[in-house]
Each structure stands twice: as C-alpha cells, then as structure tokens.
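Peer 1: just the structure for this:
(chains A and B)
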Protein chains: 2
Amino acid sequence: MSIPEWREDILTGRRVLISPDRAERPIQEPGLCPFCEGTEEATPPEVYADRKPNTQPNGPGWRVRVIPNRYAAVRLDIVAPNLVDPAIGIAEVVLECPEHQTLFHHLSVDQIERVLRAWRERIRFWREDGRLGFVQVFKNQGVDAGASLEHCHSQVIGLPDVPSQVLREISKATVGGKCGFCDWLKQGRLEERIVARSERFTVVCPDAPRFPAETWILPNVHESGFEFTADESLHDLATHLLATLQRLTRAFGHPDYNLILKSAPFQGAEAYHWRLEILPRLVTTAGWEWGTGVLINTCFPETAAQRLRESTNPKI
Amino acid sequence: MSIPEWREDILTGRRVLISPDRAERPIQEPGLCPFCEGTEEATPPEVYADRKPNTQPNGPGWRVRVIPNRYAAVRLDIVAPNLVDPAIGIAEVVLECPEHQTLFHHLSVDQIERVLRAWRERIRFWREDGRLGFVQVFKNQGVDAGASLEHCHSQVIGLPDVPSQVLREISKATVGGKCGFCDWLKQGRLEERIVARSERFTVVCPDAPRFPAETWILPNVHESGFEFTADESLHDLATHLLATLQRLTRAFGHPDYNLILKSAPFQGAEAYHWRLEILPRLVTTAGWEWGTGVLINTCFPETAAQRLRESTNPKI
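Peer 2: Alright, predicted model coming up:
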C-alpha cells in the first residue's frame, strides 16, 4: 500500500488527491461480483447493515450493507510523520441490494428508502465520531458515470476539512447567514422548471444545469444536513427519487447518471440547505471544459423540466 | 437554429453555456468524413489555410484548413434584443491534415508545426479583430476525450469576456504583477518532474496533476500569449509535443487525451506565462469529483515523469 497524499499547485490554486492504490481497484469480471449476498467473506467486515431478523453480521440476510472501501482514496490510519499533507479520511461502499441488480432505478421504493436510511446513518455516525468535518455521499450509475463495478452501490467519503469548492458554494448560498435556497424555492420563475412537488419535497431543474436534465430534489422546509432528515420523510424522498429517475430514463434515453448529496458540513453551515442532485451524464467534458471551467449544456432547464413532466409516471 | 445563452446560478456561483444546436452535431459515420480533402464543399468556407502552391481556396491542396464550426456553441451574429445574456463568441475547427488520419501523434513533426502555426494565426486574427477578449484553443483526441468526429482536428473558441476560472488562475499565477511560472521553472525541486528540456522549452509534470501523466510544455523565456511565439520556436515546440505524446502512448497504454493551450487573454495579463497542457484521460470524473471539485489522481507526478523519461524516444 502506498500512502495517499494531497498535492497543491499554488499557481493554479488546485488541490488534488493522489492515491496510487485507487489504480489497483478491480474492474467488473463476468460472473464474479464481490458485492452479491453470499460473498461477504470477500469484503471487509460491515460497518452498518439493514438485516432480516435473526441473521448474523457479515453473513447473508442483509438488505443494505455498508463496508469500508478496500481501495480507499483516503485513510484514517496513516502514520507518516515526514509527509507534508497525507490524505486523511474515510471511504465506504454502500451495497444497495443483496441480489445482482445493476440499475438503481430498477430497485423498489422500499429498497431505495433503505439505501437513503443507510446514507443518513453513516453521516450520523461520522458526525458523532468527531474526526471528520465533511462527508460526501454519492453514486455512480453506469460506466459513463464512473462506476467500475456494476452491482448497485453508492459511496461515502469523509474528510477532516471541507473542500474549497464546497466552502465557496456554501458561502454564496448563505450570504449574511441566511439560506438562499429557502427564498429560491418560493420564486415564481421557478414554476416552469418544477418537475414535481409534494408537501415535503420539490423536484426542480436548476438555474444553470451542467448536464441536460440535471435535476435537484430539495426539502421544502429548511434543513442543513441530510442526517437531520426524519424517518417519515425518507419514504417520500425515495418515491420522488425513483419517479424522477424513471422519468429521466424514459425521456432522455437511459443515460448513466450520478447522484450527489449536497449536505452541510458538520460545523458552521446551519444556513445551508441540503439537496440531492441527479446528474445525467449526457455530455462529455472535453478540452474546452478542462481549459476554461465553462460547461456547455445542450438543453435549457425549462425544456428539460417539460420533457420530464410529460414523461408520465404512474407511480407519482 | 436556437440562440445559445449563458445561464447563471447565483446560489452555486455557476455560469453555464446552453447551446441546443450542439446536440445536433454529427457523430462519426463509417466512410463519411466531412473533414477529408476533396469534401470541401460540405463545410463552411475556410477562414485560414496552409495550401500547396497554385491551389484555390475551398478546394483540394490544403495542408491545414480552418473553418467556422457549423455547430457552434457561441455565435457573433446573435440578434436577440430581449435576451438577458446571449452567448456571443466564435467557434472554429482546425482540420489538422488532409488525409483521413485519426491519431494526432501519428502526424509528422512538420505537420504538427503547421497545426501550431494555424493556432497562432487564428489567435492573432481574433486579437486584431477586437471583438473578443479571450480565445481558447484545444484538442480532443479520441472518444474518451470528447471527440465526436475522428479525423484529426482541434478547435478554437473565443469569447468577449474571460471565464471566471481563467481569471482566478491568472490572478493566482501573477501576484503583484509578477510571473509565478518564471520562478517556478527555476526551482530545484522541479528536477525530478522534468520530462525533457531544450533551450526554448521545458516539458514537466505539474505540482498537482489532475490525471496520471498530465504534462505541461512551457517556454523557458517569459511570453504571455501563444500568438507572440516566433516562427523559429514552432518547430521545437512541435518536436517536444510529438515526442511527449509518443512517450505517453508507449508508457501509459495509448490513452485518449486533451491538448489545452493556456494562453493570456488579450488584455491585462502580460505577467501570465502561456503553456500547452497534455491531459491524458486516464481517470473518469464521477460523483465525488462533481460533488466536491476535488480530483483523485492515481499517479504521483514524479512517478509519471520517470515513466515518461524512461520510455525512450529516438527522436529527441
């Protein structure tokens, strides 16, 4: 194992995490899935599991299971006194279903609710642990979205410090200690970009989407961190998430996608408003984007919202 | 045609270019290449050409040919008085060779020199034109790097204003009106990351590379914009570029790559130092990167430089 490190480029302002062990992670091999029920001995011991009654840890019988990432980009156990900037942190994998399912949007609403609960519990765990300041939960659905193994899974990566881009976003969204999203959700001009709305949540295409049909799900009432979400909201969120993914799949030709949970860091961001981002990977970033930081999208958000709304869904 | 627009998200600080016409651009069809010599009537009229003697514009006989991009993300001819923020600018395509060659690093040094000259001439042209403030030249080599057509080509996109990420980088690299790169190039700690060096140019793996084997080529003597490069430097630059791409291909398994010319905007950045970036697309950006802005690379720059150096090249 080699020790992961942060490297900084003061001339470009860039801070990059370098982790040679990530290059060792396995790619999908036909018929061999380390994430399926029954192969628990092939993974590190579980740190969380939603289990059927009377089943044993690290054996079969789980519904959702969380394990440390064997090919972690960051680690808590680094001992390297001479290293300037070791990459401290945690990385976990959320196994989203016991059977070999490869499409998240083919899971049931109840199963997706269990996944969301696992996300919430892991954030709660690391908040209480006290060693981390920031946890990012995300999901890569499909090869175009960066998934290297096909069995449905999401990831949890935590760091002691908040990344600078996240800090910058939070400071823009919470000017004067006030939540910008609470106001934004009430704006009349949002109407044409709303995909669905319930008592608890709004599903909306954002002002400046990075990808065609980029869609956000936000709680209507202010909540800074996803770990504060009440049990009774999780089912509603799962319903919206699944319905939106089904609409997306139907209206935009089955794209791969990322799910990104934008949630407040553990301290000093009470005015931030969490959201779940759906990023359909319908555009490739090329030289222009890497050179300028400017993304080129091919679909206006109001057009995307209309197409998503019109892709009727019997479930919502 | 629909009018491209800038959209801004004040809560995230994001400014995105939305251009529905980009979605209409053709993908590669077998046997049909609009960029080959002899099919000039299928493209818009050329705005620059390096031609054999006694050949006519927009006919065969060219060595390098530049044409307006038919599927431009930005346009100069927008008339839309009611639009808040139309996406003004220019987009051109540089056809890098007359024959159907799909790999840039299989072109000759002389041909690559002609391509670099075309880049320089287009930047010079737009500087003199006066309507633009910033020109980005870039190349997408291969599908993983974002190329939609396979015939060797690069692109020129110009905007009236400088993108904010570019402005931020320039201000970090030119603190107090002084060029940070000139000092950086002289640092002793750079030695282990240098791939090649000549009188005019340094080829080096940067402090915080975003991708394995990311490599930069910089002029040793301060020069802010690529348009100021002297004729006698172009051949040397072409030699370094080709040699580095051959080393990369050999040592890192033929990756797709982007070339990004980081050159000073037309005004107020005389202290900036131009460079040509080679970005091998050996890592996919996934949910983590889109959520946090933190890139995870799997190869330290000193390791990459050593592997590139050891991949011996007879030509340099």
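Peer 1: mind checking how far A:Phe181 is from A:His222?
Peer 2: As for A:Phe181, its distance to A:His222 is 8 Å (criterion: C-beta to C-beta, to the nearest Å). In short, each C-beta sits where N, CA and C put it, glycine included.
Peer 1: which of the two has more residues huddled nearby?
Peer 2: Between A:Phe181 and A:His222, counting by other C-beta atoms under 10 Å in any protein chain shown, A:Phe181 is the more crowded of the two (20 against 15).
Peer 1: any idea which element that one lies in?
Peer 2: Using DSSP states H and E, A:Phe181 maps to helix A:180-184.
Peer 1: export only the CA atoms of the helix or strand following that helix, formatted as PDB.
Peer 2: Proceeding N to C from helix A:180-184, the next assigned helix or strand is strand A:194-197, under DSSP H and E. What follows is strand A:194-197, C-alpha atoms only, in PDB (Å, rounded to 0.1, in the frame of the first residue of the first chain):
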ATOM      1  CA  ILE A 194     -40.600  22.300 -11.500                       C
ATOM      2  CA  VAL A 195     -40.900  18.600 -12.300                       C
ATOM      3  CA  ALA A 196     -42.900  17.500  -9.200                       C
ATOM      4  CA  ARG A 197     -43.700  18.900  -5.800                       C
END
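Peer 1: who are the packing partners of strand A:194-197?
Peer 2: Applying 3 or more C-beta pairs under 8 Å, 6 or more residues apart in numbering or on different chains; DSSP states H and E, one finds that strand A:194-197 contacts strand A:201-204, helix A:231-251, helix A:301-310.
Peer 1: the helix or strand just after the second one vs helix A:231-251, what angle?
Peer 2: Read in the C-terminal direction, the helix or strand following helix A:231-251 is strand A:257-262, with elements assigned using DSSP H and E. Using axes from the mean of the first three to the mean of the last three C-alpha atoms, to 10 degrees, one finds that strand A:257-262 and helix A:231-251 are set 150 degrees apart in direction.
Peer 1: so is strand A:257-262 next to chain B?
Peer 2: Yes. Judged by C-beta under 8 Å from any C-beta of the partner chain, strand A:257-262 comes into contact with chain B through A:258-262.
Peer 1: mind listing the helices for the stretch 1-150 of chain A?
Peer 2: A:109-129 (DSSP state H, counting those that start in this stretch).
Peer 1: quick one: contacts for the nearest residue to A:Leu261 once chain neighbours are set aside?
Peer 2: Leaving aside its sequence neighbours, A:Leu261 sits nearest to A:Val137 (C-beta to C-beta, 6 or more residues apart in numbering or on different chains; 4.1 Å). By C-beta atoms under 8 Å, 6 or more residues apart in numbering or on different chains, the contact list for A:Val137 reads A:119, A:122-123, A:154-156, A:226, A:261, A:263.
Peer 1: who's A:Val135 bridged to?
Peer 2: Beta-bridge partners recorded for A:Val135 (DSSP bridges): A:Gly158.
Peer 1: look up how far A:Trp274 lies from it.
Peer 2: Distance from A:Val135 to A:Trp274, by C-beta to C-beta: 12 Å.
Peer 1: which residues do the two both contact?
Peer 2: A:Ser263.
Peer 1: these two - which one has more neighbours?
Peer 2: Ranked by neighbour count (other C-beta under 10 Å), A:Val135 and A:Trp274 place A:Val135 first, with 26 against 21.
Peer 1: isn't the more buried one up against A:Ala264?
Peer 2: No. A:Val135 is beyond contact range of A:Ala264, at 10.1 Å (criterion: C-beta atoms under 8 Å).
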